[in-house]
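Undergrad: Turn this into a model:
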Amino acid sequence: MTINIKKSLLALAGALVLSGGAQAADLDSVVKGDHRSEETSARDQYRHPVETLKFIGIKPEMTVVEITPGGGWYTEILGPYLSEKGKLYAAHFPEDSESDYYQRSLKRFKEKLASDEKAYKRIVVTEFSPQTGREIAPAASADAVVTFRNVHNWMYRGYEDKAFASFFAALKPGGVLGVVEHRAKPGTSMEEMIKSGYVTQDYVIAVAKKAGFELEESSEVNANPKDTARHPKGVWTLPPSLRLGDEDKEKYLAIGESDRMTLRFRKPKP
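TA: So this is what the prediction gives:
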């Protein structure tokens, strides 16, 4: 009975946050909010959103930039959490992209934001396009930049250095960069990293330092010791992609999502 009462109170708190009835969003309540579907929240056990965002240091009054939010998994949390006192720049795919996939993804994301104007009222959609040098947010305006499982995509296209440089430009001096990425075993070659989607922690740190960041701390909150990082279809073998379909499906479901590094960097103050 006590557990059910506790869940009801958390759901009520989440509803108040989303309706603008709370003065300051509570991260735990937002994550448990009714606006999140069962399919979405099922990933929490692998992605640990509360622990991850607390480790990075995200506060409800911050100006945050989320890089390539895709379908908005983390936006569902960041949007409501920042909706009263903060601001979220969602640096999505460019509107003038020739990619049909990019266009469809951006369209679905904007429809998502329009579906709940209160929860997403302080979100500004910008563009992430390192190759063109477009701003993801006004220079030196952001308290934090966050990116989840994206670095391998930039490596495939060869613009990871430009990506991290754009993060550095958007952050205020003293601002924080949070990076979550699929983790390759030390010594993995560049070719294998690009092919598998797993990246060595040392490489991510090196790219960030090249852009001017200082590594502040690493966390094992998203570690998965069951993941060998060596699969027939790379990281996409595991859920949620399950690229092999029904082949060995139960085996990969038992592993869960990938082993991931979680890193917090800082833009130095002058």
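
Undergrad: Tell me the pLDDT of the residue nearest to residue 93 when sequence neighbours are not counted.
TA: Of all residues beyond its chain neighbours, the one nearest residue 93 is residue 102 (3.8 Å), with distances taken as C-beta to C-beta, 6 or more residues apart in numbering. Using the backbone N, CA and C atoms, a C-beta is placed for each residue, glycine as well. pLDDT for residue 102: 94.

Undergrad: And the strands in the stretch 1-150 of the chain?
TA: Under the criterion DSSP state E, counting those that start in this stretch, strands of the stretch 1-150 of the chain are mapped to 63-67, 87-92, 123-127, 142-148.

Undergrad: packing partners for the first one?
TA: By that I understand strand 63-67. Applying 3 or more C-beta pairs under 8 Å, 6 or more residues apart in numbering; DSSP states H and E, we find strand 63-67 packed against helix 75-81, strand 87-92, strand 142-148, helix 160-170.

Undergrad: name the helices or strands packed onto the longest one?
TA: Identification of packing neighbours for helix 160-170 by 3+ C-beta pairs under 8 Å, 6+ apart yields strand 63-67, strand 142-148, helix 151-157, strand 171-182, helix 201-211.

Undergrad: Comparing the helices and strands packed on strand 63-67, which comes out most buried?
TA: Mean neighbour count, computed with mean count of other C-beta atoms under 10 Å, is highest for helix 75-81 among the helices and strands packed on strand 63-67, reaching a mean of 27.

Undergrad: neighbouring contacts of that one?
TA: 17-18, 25, 27, 30-31, 33, 35-36, 40, 49, 53, 58, 60, 64, 66, 69, 72, 88, 90, 109, 112-113, 119-120, 122-123, 146 (C-beta atoms under 8 Å, 6 or more residues apart in numbering).

Undergrad: among those, which are in helices?
TA: Within the contacts of helix 75-81, residues falling in helices by DSSP state H are 17-18, 27, 30-31, 40, 49, 53, 109, 112-113.
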